[in-house]
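# Sharing a sequence plus its predicted fold:
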Amino acid sequence: MIGLGKCELRKVIFKNKYAKYVYVYSSSPGRKIVGTFRIDAIIEDRPSSLRSRLEGNSGIKKNEFFDYFGNREKGFAIEIKDVKRFEAPIDPKELIPRFVPPQSFCYIKEHNEVSP
């Protein structure tokens, strides 16, 4: 995953098409949930086409972009809206006692939201 400000790049995307919000977990420093954003759209395309479509919104250099996707046939960009940074980051273990940091994302069923 690479966060880009206006978009977040992904090599794979979550299966829940109804997810609308993402909680952002920061593994370092602090191991806390630091904010949230709303998913505006999910773009799926070949990396070369995806790069062209995101021109001006990618926030990373061309070589970094293609290094990230490697030889993958498709990639994803999550368009980000309504970013909120929490004043006080949340310790997920206070909410979910057996919390284990996700490798890429996990679902919060009650709210139909995704945690990267």
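Perfect, thanks for sending it.
# looking at this, Val24 is in a strand?
Yes: under DSSP: H, G, I helix; E, B strand; the rest coil, Val24 sits within a strand.
# Tell me if I'm right that Lys20 and Asp40 touch.
No: look at Lys20 against Asp40 with CB atoms under 8 Å: they stay out of range, at 9.5 Å. From N, CA and C alone the C-beta is placed, and that goes for glycine too.
# Ile33: neighbouring residues, count only.
Using other CB atoms under 10 Å, Ile33 is surrounded by 18 other residues.
# May I have the strands that pair with whichever strand or helix holds it, each with its orientation?
For Ile33, the host element (DSSP states H and E) is strand 32-45. With DSSP bridges as the test, strand 32-45 is paired with strand 21-26 (antiparallel), strand 75-90 (antiparallel).
# out of those strands, which comes closest to Lys15?
Of all these, it is strand 75-90 that lies closest to Lys15, at 12.2 Å by CB to CB.
# Run through who's touching that closest one.
4-13, 22, 26, 30, 32-47, 50, 53-54, 69 (CB atoms under 8 Å, 6 or more residues apart in numbering).
# does Arg31 really touch Pro101, like I thought?
Yes: Arg31 is within contact range of Pro101, at 6.9 Å (criterion: CB under 8 Å).
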